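Enquirer: Got a sequence here, can you model it:
(4 chains, ligands or ions: 4)
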Amino acid sequence: MSTTPSGAKSRKRFKLPEETSVLIALIVLIGIVGALRPTFLKPVNLLNLAASYAIAALIAGCIVFLLSMGEIDLSFGWILNLSAVVAGLSMIAGIPVWIAIVLGIAAGTVMGALNGLLTVFMRLPLIIVTLGTASVFQGISLISNNSGSVVPTDKKITEHIFFRALGGSIDTPVPIILIFVLLAFVVLHLTLHKTRFGYRILAIGSNPEAARLAGIPTKKIKIQVCALMGAVSGVGGVLFLGFRGAVDPSTGGQMLLPVVAAAIIGGTPLSGGAGTVWGSLIGAMIVGVIGVGVVFIGIDAVWGTLVTGLVILFAIGVDQIVRVRKKRAI
Amino acid sequence: MSTTPSGAKSRKRFKLPEETSVLIALIVLIGIVGALRPTFLKPVNLLNLAASYAIAALIAGCIVFLLSMGEIDLSFGWILNLSAVVAGLSMIAGIPVWIAIVLGIAAGTVMGALNGLLTVFMRLPLIIVTLGTASVFQGISLISNNSGSVVPTDKKITEHIFFRALGGSIDTPVPIILIFVLLAFVVLHLTLHKTRFGYRILAIGSNPEAARLAGIPTKKIKIQVCALMGAVSGVGGVLFLGFRGAVDPSTGGQMLLPVVAAAIIGGTPLSGGAGTVWGSLIGAMIVGVIGVGVVFIGIDAVWGTLVTGLVILFAIGVDQIVRVRKKRAI
Amino acid sequence: PAQAKEKKLTIGFVVHVVGNPFIQQIIDAAKMAAKDLGVTIKVTGPAGAEGDAQLTAAQNLAAAGVDGIATSVPSASMVNGLNAIIKSGIPVVQFNGLGEGVNGPYVGEKSTQSGRILGKMVLDKIGGTSAKGSVIVGNCYPGFPVLENRQKGVLESLAKASGVKIVGPSDVKVDAAANFAAWQGLLAATPDALAMVGLCAPDVESIGKVNKAASNTTTIGAGYDLTTGNLEALANGSAHISLGQTPFIQGYLPVYILVDSIRKGIKINKPGFIDAGTEVVTATSVTEPFKLPALTFAKLQAMAKSQAKTRAYYEPVVKGYIKDWKKNLKPIADESA
Amino acid sequence: MGNSYPHGVISVRSLSKRYGGVQALNSLDLDLERNIVHAIVGENGAGKSTFMKILSGGVTPDSGTITIDEVSYPEITVALAKKLGIGIMYQELRLFQHRDVLTNLFPDREILRGPFINRKKMEEIARPVLQSIGLDVDLYSTLGDLAISDQQLIELARVIIEKPKLLILDEPTSALNARESDRLLELVRQLPSQGTTVLYVSHRLDEVFSVANQISVMRNGSLVFSRPTTELSRADVIAGIVGEEKSERMNRATKKSVGGSAGANVLEVTNLRNFGQINDVSLTVRAGEIVGVAGLIGSGADELLETLFGAKEKAGGNVIVEGKSQRTLSPQNSVRDRVALVPADRKRVGLMMERSVSDNFSHVAVGGHTHGTTLISRSGLAERAQRLVERFGVKTENVNISVGNLSGGNQQKVVIGKWLEINPGLVLLDDPTRGVDIGAKSELFSLIREIADSGKGVLFRSTEIAELTSICDRIYVIKNGISTQEVSDVDEAELIKLINE
Ligand SMILES: Nc1ncnc2c1ncn2[C@@H]1O[C@H](COP(=O)(O)OP(=O)(O)OP(=O)(O)O)[C@@H](O)[C@H]1O
Ligand SMILES: Nc1ncnc2c1ncn2[C@@H]1O[C@H](COP(=O)(O)OP(=O)(O)OP(=O)(O)O)[C@@H](O)[C@H]1O
Ligand SMILES: [Mg+2]
Ligand SMILES: [Mg+2]
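Expert: Ligands and ions are numbered 1, 2, ... in the order given. Just a heads-up that it's a prediction; the model follows:
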């Protein structure tokens, strides 16, 4: 047919990846804190900072899957908590550390899958279902240990390679948790953008009814993504246990906002059909730099919150300006 | 079935209002708590219960406007806080109570409008903007009173009719705050469903592009709705001040989840284009009955969270079952 | 008074947050008191610390017909509501968090004074009034009254050394991971700091971890609460001082006061203060208030795990200080003295 | 050219609009006369809709002027269009899916009493208009629950209620059946005498010739010619649309299958019922056959294909695909058994509007299918997309732009392409030519014939009777949800009679 326009060969011009704008926002922020306090820029400091926010980043990387599908999970903080409790109590009960870890992750997966089953069978958005299950998981965690902390103190446990590696007793140039989380990010990114599973997730988020008519098993995929979210939260839980050496009843309770913020600052819209795993990593680092930067510069506690807010606005503003520039440039 | 059309009469069959299903869920819950603890059903008790949740309900009624427009405000709890602080500090500074109240509400309106302006001019979803402004408002509140509570203690203030009426010193068969909030609900309902402003909000939420093409000034409406949300949060703030006689730095900080939960349990979807103001009132009461019921029945703190979660799942389940039944019946 | 004894009393016990190990110790003590006194106890509290939800819980206990209420009062906005309950004839005893103007006695630490103690101990460790250098202070929740008081006391003591420069107070956040990151950042920003002083439960543990990671520093770590993690940090030498708030007394005493006053018809509808004392713990010594026998670190850890041992250890206090609560009731101004 | 056009109500000069690398309008000059029906035709992506959107304020032109009643404007805003009395019915419906019908009829034009919406008054105004276009719906039902054809009529009613001076209709009949279309054309014919100028965009040349006083042809964003209908023949117009040489080729039009070579049954349906309009449908499709489905809107014909595919729930009856009895019909099973459905409503259930052309072409091949590797690559998707773009003549800048940016007809080609990519054994085509230009349509028909000739079964529903009679080997007539008759070799008039009687 003659309708094909003359230049329809795929003109591959060089395009900046969509994460560029958030990355610039991150660099600007690091630059500002570094300009005020040059020690901030020391690699060891930046690595430590990244390590402290690694678990939140990991979960942000996975919540991108849910957001891409047009869903949101409110319960993952408590899944993290209960998974860590399961792993911790198992260790204390004498189960070998690695097996206890697997148990913790399995518990997370089961909780996630339960969310998925409920959302599919009750035909309700995940956000509504997890409004309930969040309390359920928290409640079970409270009951399991009678509102106390779970602290494995036995030397056999605390000297285990898992705790030593994560707890920082083994010296590595780059914190081990960082390496692990970066690897996880590669896997998450490839899964979302290079596999059929990921394609299906984005298709569901983009137009659920069209996805169903295209033969995509939408219910199955939903359950799988929820289970994955649970599994990753479970991994987050055992990493937390290894990192901190203990789980408090409140662990995970404050995670919702920073994690979701990381994902959306990173560029994943809430509306579904699109998502960037790497963006969420950068978003998590932005959240981290803001959190630590404020104390690093030495801003008074009373002023800290205001400054945090202004910097968040600034960060999303930079991102937005860069984005608009890029659009113009096309 | 002979569905072939026969004539253009407007077939108006009797339809149960869409809020029926949530209402049934509410009645079931009240029934269960009442069956276990008959004193719960005493009118005075139910009225007091309603009064304690009145402010959250009021705000839920207004967040329905935002949800209907496809947006979410994360900052309203801190708008409420800062508005109350403004009103309280003004009173302490000697400004007449009524004027201080107006100042508080005006402050709320300004904060809401600021959210609206930022979201329109940064072309970002409100949820992202308010991620930042929430911290800004909280920060300003902390600074205003150097991290302390605002407690007007002067007799001239505490004996003012406003404080006496709201604080319960004046005996009325029905708490005054309840009457006020009910009236506000009538106004909110009429505004959303019977005025052009409301129609425009729902149109924007349903299809923003079509709304723009229909000539709706979408930016203006967005700013107005944000300002309205701020104003209502401001009203919530001064009501809180009158009701409790003080504002703490933490006031409003935990409001996000119960208020949004009230709206979505009440039947307003997060996707925009539809919303029920009355539903959000019932939703707020469900949240209230769950919270209070657990205490009333005397469930131990450690178990309370789990029970709360299960009851939430039950409530949305009842709602869902009724909804499906209704659909089948058509 | 005699007939009051016949009815089995029900006491409502309202905490400001459930799922906090320290609060749980208070709850456990309250339950021991209830058992000792033969009364029913109903424990409740909101999942997230918020005054309004807590007040609502207290009001509902009142509506459900309890005979007395013990509650922490972290928020000034609870005061009027609690006074309304008191006015309706249900006595209220406060613990752990003080609401100014509540018409009932308060059981808790002298928060400003405990801050002073902590500040002084830190100062002693870094060289007394002639110390020269920076001390980092972190507040995990600016605006929380008890913390503001502690902060005041710490700063007051540290001000005695003119060479000490205060860094902060910074907002170090409650969430464990964020708290750790904040302390890590603070120390990186001021690597030659003499000491790090936190005011909340997660701080000592975080400071310890930060200290351990930055192996070459000799920064003193100090803070509050005797959680398992904090004690671990003291034990392995990565942190140095932690003050305890005697959760046993804060839980046991309010229930005792309520039951005793109801049974004996004693009116307690006035503000008042009973000192719950402050425990001072370092790796080498555990100083308990009320002339209780000195503890070793190991004993303290064992007690944290066994309610029976805890009860046995505090027997003298229950028989003495607690039984004589009326005698020890001081004017409320003593709290912040 | 001169400057004065005494009869012109609207003149545009050098109107241009560029989207990325696509010149949607390329220095368009056109004069529209007052009080006539002026048709605009052209191939998919010619720029018709872009032009209409500029006139109605939906899109801002890059350059050029628009003169209306002797006042020149560099652009028209939505507010200005409202003031000038320009009403538009968009090709891609701009309705509020969550809102009820009545609300959709008065978007931001509600009748007020005091501060409140006066729905009673609105009903009074709406009812006669709905009656005049033959639409019978509950004014209180939610728009999203209605069939696409009803929605199109509501969009029409909405713009007629505005009583515009210039009425723009962008493919108003693309989802309508003969009866509805006729009624609409009847209405449009009367409008000029009531003082309304009509701009009518359509790919259905029969309609254009029956309704328009003047016909303009566009290609690649510019005007080819604009002449009174009386001076034009069908061939002239087709040549204008597709170009001389191609119109030659098209004359070798699609033929019926070479008699009776049909093979085994690909699809056997007996006594099918669903929970909607289908009561008792039985039919068979044999390999190598194109079988048509004809029926009025509401007769069940428009639900049949979705039900057979499993998109709508079945209530009873037997469906046998390639000899295998389908116990549960579901899209998943259908894809597995290589049954394809090109749905009628591409926007709602056909495409992922904000995703790329490339992603959309792989919707079934990667998303629904379970064949092949589970790993995918961007370049793999792009290759497939490039191949399909060429095969179906999709006019797009490249395969990485959002499918929502394509012209309506090109979007339709993407839907067809994504389904044919899985090499289906049974193809259910639910009004597949909706919005497709005349050149592409003839290509599509030869393609359908090719598919049938390669031993597959095709079940075909169309809102255009002529399409059915021209390519179907057999046609089933559906009335009141019952398959009443099976016919072959009928002409248009006969079939229309059969449907309506
Ligand atoms: N015999 C069958 N009857 C009904 N449904 C089936 C049948 N076989 C497969 N399906 C459905 O088809 C879908 C595809 O199944 P399959 O196990 O092949 O997954 P998949 O598409 O390969 O997933 P992925 O490639 O992402 O791992 C499933 O949802 C399954 O329920
Ligand atoms: N928003 C947009 N972004 C990018 N390109 C666009 C956009 N809208 C239209 N185009 C392009 O402009 C060209 C003209 O499109 P237009 O919709 O005007 O065509 P049309 O003549 O109406 O075609 P059809 O008959 O298929 O409806 C097409 O190539 C289309 O892809
Ligand atoms: Mg078009
Ligand atoms: Mg597979």
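
Enquirer: looking at chain D, which helix or strand does the model trust least?
Expert: Here the helix or strand of chain D ranked lowest by mean pLDDT, DSSP states H and E is helix D:244-251, holding a mean of 65.

Enquirer: downstream neighbour of it in the secondary structure list?
Expert: Remark: after helix D:244-251, the chain's next helix or strand is strand D:265-274, criterion DSSP states H and E.

Enquirer: What is that next one packed up against?
Expert: Using 3 or more CB pairs under 8 Å, 6 or more residues apart in numbering or on different chains; DSSP states H and E, the elements in contact with strand D:265-274 are strand D:281-286, helix D:301-309, strand D:314-321, strand D:457-461. To be clear about C-beta, it is placed using only N, CA and C from the backbone, and glycine gets the same treatment.

Enquirer: tell me the phi and psi of the closest residue to ligand 1 within the stretch 51-200 of chain C?
Expert: Of all residues in the stretch 51-200 of chain C, C:Ala177 sits closest to ligand 1, at 33.4 Å by CB to the nearest ligand atom. C:Ala177 adopts backbone torsions of phi -70, psi -40, taken as degrees, to the nearest 10.

Enquirer: which residues touch D:Thr103?
Expert: With contacts defined as CB atoms under 8 Å, 6 or more residues apart in numbering or on different chains, D:Thr103 is in contact with B:199, B:202-203, D:96, D:110.

Enquirer: Check the spacing between the closest residue to D:Gly20 other than its chain neighbours and A:Gly317 real quick.
Expert: If the residues on either side of it in the chain are set aside, D:Gly20 comes closest to D:Glu397, at 5.5 Å by CB to CB, 6 or more residues apart in numbering or on different chains. Note on D:Glu397: its distance to A:Gly317, by CB to CB, to the nearest Å, is 31 Å.

Enquirer: could you give me the average pLDDT of the helix or strand containing D:Arg18?
Expert: In this structure, D:Arg18 is located in strand D:8-19 according to DSSP H and E. In this model, strand D:8-19 has a mean pLDDT of 87.

Enquirer: Now do the buried residues in the very next helix or strand once past that strand.
Expert: Scanning forward in sequence from strand D:8-19 by DSSP H and E, the next helix or strand is strand D:22-33. By 16 or more other CB atoms under 10 Å in any protein chain shown, the buried positions in strand D:22-33 come out as D:22-26, D:28, D:30-33.

Enquirer: now those as a markdown table including pLDDT and distance to ligand 1?
Expert: Supplementary listing: the buried residues of strand D:22-33 in a markdown table, determined by pLDDT from 0 to 100; distance: CB to the nearest ligand atom, whole Å:
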| residue | pLDDT | distance to ligand 1 |
| --- | --- | --- |
| D:Val22 | 86 | 35 |
| D:Gln23 | 91 | 41 |
| D:Ala24 | 92 | 39 |
| D:Leu25 | 94 | 44 |
| D:Asn26 | 92 | 45 |
| D:Leu28 | 93 | 48 |
| D:Leu30 | 91 | 51 |
| D:Asp31 | 89 | 57 |
| D:Leu32 | 88 | 53 |
| D:Glu33 | 87 | 58 |
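
Enquirer: C:Gly89: neighbouring residues, count only.
Expert: One way to gauge burial is a neighbour count; for C:Gly89, by other CB atoms under 10 Å in any protein chain shown, it gives 9.

Enquirer: same question but for D:Asp100, I mixed them up
Expert: D:Asp100 is surrounded by 18 other residues when neighbours are defined as other CB under 10 Å.

Enquirer: mind showing which ranges of the chain have poor pLDDT?
Expert: Answering for chain A, as no chain was given. Residues of chain A that meet the criterion pLDDT under 70 lie in A:1-16, A:323-330.

Enquirer: switch to chain D, that's the one I care about
Expert: Applying pLDDT under 70 to chain D picks out residues D:1-8, D:245-262.

Enquirer: Would you list the phi and psi of C:Ile41?
Expert: According to degrees, to the nearest 10, the main-chain angles of C:Ile41 amount to phi -130, psi 140.

Enquirer: Wait, it touches C:Lys8, no?
Expert: No. Between C:Ile41 and C:Lys8 no contact is recorded; they are 11.2 Å apart, counting by CB atoms under 8 Å.

Enquirer: higher neighbour count, these two?
Expert: Regarding C:Ile41 and C:Lys8, a neighbour count based on other CB under 10 Å identifies C:Ile41 as having more, with 24 against 9.

Enquirer: The stretch 51-200 of chain D: helices as residue ranges?
Expert: Counting by DSSP state H, counting those that start in this stretch, the segments of the stretch 51-200 of chain D that form helices are D:78-84, D:101-105, D:119-132, D:148-161, D:178-190.

Enquirer: which of the ones you listed sits most buried?
Expert: Compared across these, helix D:101-105 shows the largest average neighbour count, a mean of 25 (mean count of other CB atoms under 10 Å in any protein chain shown).

Enquirer: In PDB, could you pull the C-alpha coordinates for that one?
Expert: Taking C-alpha atoms only, helix D:101-105 is exported to PDB below (Å, rounded to 0.1, in the frame of the first residue of the first chain):
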ATOM      1  CA  VAL D 101     -27.200   9.400  29.600                       C
ATOM      2  CA  LEU D 102     -28.900  12.600  30.400                       C
ATOM      3  CA  THR D 103     -25.800  14.100  31.900                       C
ATOM      4  CA  ASN D 104     -23.900  13.200  28.700                       C
ATOM      5  CA  LEU D 105     -26.400  15.000  26.600                       C
END
